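Trainee: Turn this into a model:
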Amino acid sequence: MAEQGVVAQPGLQRSIGPFQLFAYTLGGMLGAGIYGLVGRAAGELGSAVWLGFLVAMVAALLTGLSYASLGSRYPRAGGAAYVTGRAFAMPLLTWVVGLAVMASGLTSVATQSRVVAANLLALTGLQAVPAVAVAIGFVLLLAGIVLRGIRESMWVNIVCTVIEACGLVLVIVVGIGWWGSRPLLETPTGEGIGLSFLMTGAILTFFAFIGFEDTLNVAEEARNPRRTLPIGIIAAMLTATALYIAVAITAVSVVPWQELAVAPGPLVAVMARAAPWFPEWGYAAITLFAVANTGLLNYVTASRLLLGMARHGLFPPALTRIHPRRHTPHVAILALLPVVLALVLAGDIGQLAAATVLLLLGVFSVVNVALLVLQRRAGEPHGGFEVPAIVPAAGALVCAALLANRVLAGDWRAPALAGALLLAILLAFALLRPAATPEAMEG
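Mentor: Down below sits the predicted model:
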C-alpha cells in the first residue's frame, strides 16, 4: 500500500494483445530489406537462395527462442539491457548492450526517414520539395504517434505489416505457376552444396530476421506476456521464414538468378515478368509502408530501452516518467527526438546503420549467455516458456561465429565503424560514470 500523501507514479499500460504482439514481431522482420536482399542472395547462392533463408532461420530461431524465454521470465521495459544487468550486474556491460541496441534503432529511424522521403517524392512527383524536409516531417509524425500511445502505435504497425506482407504474398501468388520451371539447387560455382556454402547463405540472409529482438522491449505493455510473448516471437519467425522461402523460390523460378542478382529491384523485375499488369509504382508504395513501419517500431523500441536504462540508474531519473493519461514514456520519447533529427541532418548514414546492425550480433551473444546464467541461478523466476540450456549455448556460439565471419571477411568499413562506435560508447561511460543500482537490476 502506498504511504499516505504519496501519489503513485503512473506505469506503462498492458494493452498489447497476442495478435498485436505477433504483428509487432513480424513487422520488425519484414522490413524493406527483403525486397532487395533476394537479389544480393541470388548473386551469392544462385537458385538455392531459398536454402539460405532456411538455414538462417535455424540460426536466428536459436536466439529467438532465448528472447522468448527471457520475455516470459522478465516482462520489463529495457529488453536486452535489463536482462544483461540482471544476469551480470556489470554497469559497463549493461551500458554497452543498451547503447548498441539503441544506436541500431535510432540510426534505423533516421535511415528509414530518408528512404520514406525519397519514395514519397518519387510517387508524388514533387521533386522540388527538399527531401530532408520530408524526412524531418516523417520523424515528427513518428514521434507524435509514439507519444500518443502504444495502442495507436500497434494499430499503425498492423496496417503497415498487412500491406508489406501482402506485397510478398502477391509475388508468390502471381509467380507460383512458374514453380518447377527452373532448377532450385544451382550454385554460382557449379559445385555441390556443402557446409561452407550453407554458412555463406546463413551469414547473408540472417539479417533478414533481425527485428524479432524488438519485441522484448514492449513485454511490459503486453497482456499475459508469459504466454503471449513466446507465441508472438516464434509464430512471427516461422511466418517470416515461410514468406521468405516462398518468395525466394518464386523469384528464381520467374527470373533466372543471374538476372536477379543484377536487377536494381529484384521483386519489381519478378512482378514485371509474372504480372505485367501490376503498376510500376506499386512496389514503391508497398516499400513506403514497409520502411515507415520499420522506423515506427525502432522508435518505440528505443524509447522503451531508454526508459529501462533510466530505471537502472544509467540515465537521469527524469527519463523514467510515464504520462499519466497516455501511459507512454513521454520524456524518453522527446529526449530521443533531437538525436534522430541530428542523424537525419547528418546525411547518408547507411554505413553507420550497417555497423550498428553488426553490433547486434554481439548483443545477441551476450543475451544468450545471460539466459544461461539466469537459468542456473537459484531464486530466479521461471517463465511461461522455458528452453533447455543447449538453446542459448548454441545461439551464443552461432551469433559469435557469424560476427567473427563478418568482421574477418568482406567489406571492412562496417566492422571498422562498428569498432569506432563501440569505442565511443566506452568513452561515454568513462566520462559519465553511470552506476546502475542493485535494486533496479533485481527488480
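
Trainee: from here on, contacts and neighbour counts on C-alpha atoms
Mentor: OK.

Trainee: Tell me how far the lengthiest helix in the chain lies from the chain's centre.
Mentor: Identified as the longest helix of the chain according to DSSP state H is helix 91-124. Distance, stretch centre to chain centre, for helix 91-124: 10 Å (CA atoms, centre = their mean, to the nearest Å).

Trainee: Without its sequence neighbours, what residue ends up closest to Leu123?
Mentor: Spatial nearest neighbour of Leu123, excluding adjacent residues (CA to CA, 6 or more residues apart in numbering): Trp281 at 6.9 Å.

Trainee: go on, Ala272?
Mentor: Ala272's closest residue in space is Phe278 (CA to CA, 6+ apart), at 7.3 Å.

Trainee: same thing with Val363?
Mentor: Using CA to CA, 6+ apart, the nearest residue to Val363 is Val97, at 5.9 Å.

Trainee: hang on, the one you found packs against Ala80?
Mentor: Yes: applying CA atoms under 8 Å as the test, Val97 and Ala80 come out as touching, 6.9 Å apart.

Trainee: still on that earlier bit, pretty sure the residue nearest to Leu123 contacts Gly125?
Mentor: No: in this structure Trp281 lies outside contact range of Gly125 using CA under 8 Å: 11.5 Å.

Trainee: need the contact list for Leu343.
Mentor: Thr107, Ala110, Ile349 (CA atoms under 8 Å, 6 or more residues apart in numbering).

Trainee: Which residue is the nearest non-sequential neighbour of the first one?
Mentor: I take that to be Thr107. Nearest to Thr107 is Ala353, by CA to CA, 6+ apart, at 5.3 Å.

Trainee: picking that back up, what touches both of Val97 and Ala80?
Mentor: Joint contacts of Val97 and Ala80 (CA under 8 Å, 6+ apart) are Val363.

Trainee: Relative to Trp178, how far out is Ala219?
Mentor: Distance, Ala219 to Trp178, using CA to CA, to the nearest Å: 42 Å.

Trainee: could you pull out the helices for the stretch 151-300 of the chain?
Mentor: 195-205, 225-254, 257-262, 266-274, 282-311 (DSSP state H, counting those that start in this stretch).

Trainee: Packed most tightly, which of these would that be?
Mentor: Ranked by mean neighbour count, the helices of the stretch 151-300 of the chain are led by helix 282-311 with a mean of 25 (mean count of other CA atoms under 10 Å).

Trainee: now the angle from the helix or strand following it to helix 282-311?
Mentor: Using DSSP states H and E, the helix or strand that follows helix 282-311 towards the C-terminus is helix 330-345. Put simply, helix 330-345 runs at 130 degrees to helix 282-311, going by axes from the mean of the first three to the mean of the last three CA atoms, to 10 degrees.

Trainee: Report the buried residues of helix 330-345.
Mentor: For helix 330-345, a neighbour-count test (16 or more other CA atoms under 10 Å) marks His330, Val331, Ala332, Ile333, Leu334, Leu336, Leu337, Val340, Leu341, Leu343, Val344 as buried.

Trainee: dump the residue contacts of the fourth one.
Mentor: Same thing as Ile333. Ala143, Val146, Leu147, Tyr299, Ser303.

Trainee: Show me what counts as buried in the longest helix of the chain.
Mentor: Buried, per 16+ other CA under 10 Å, within helix 91-124: 91-121.

Trainee: and if you look at stretch 400-417?
Mentor: So for stretch 400-417, counting by 16+ other CA under 10 Å, buried means Ala400, Ala401, Leu402, Leu403, Arg406, Val407, Ala414, Pro415, Leu417.

Trainee: list the contacts for the fifth one?
Mentor: If a contact means CA under 8 Å, 6+ apart, then Arg406 has Ile203, Pro415 as its contacts.

Trainee: how about it, secondary structure?
Mentor: Here Arg406 is recorded as helix under DSSP: H, G, I helix; E, B strand; the rest coil.

Trainee: quick thing: my sequence starts at 5, can you match it?
Mentor: All right, first residue 5 from here; so that's Arg410.

Trainee: Distance of it relative to Gly423?
Mentor: Taking CA to CA, one finds Arg410 at 13 Å from Gly423.

Trainee: ditto for the first one
Mentor: Ala404 sits at a distance of 15 Å from Gly423 (criterion: CA to CA).

Trainee: Could you pull up the residues touching the closest residue to Gly171 other than its chain neighbours?
Mentor: Leaving aside its chain neighbours, Gly171 sits nearest to Ile290 (6.4 Å; criterion: CA to CA, 6+ apart). For Ile290, the contacting residues are Ile167, Glu168, Gly171, by CA under 8 Å, 6+ apart.

Trainee: Give the burial count for the last one, as a bare number.
Mentor: The local packing of Gly171 (other CA atoms under 10 Å) involves 19 other residues.
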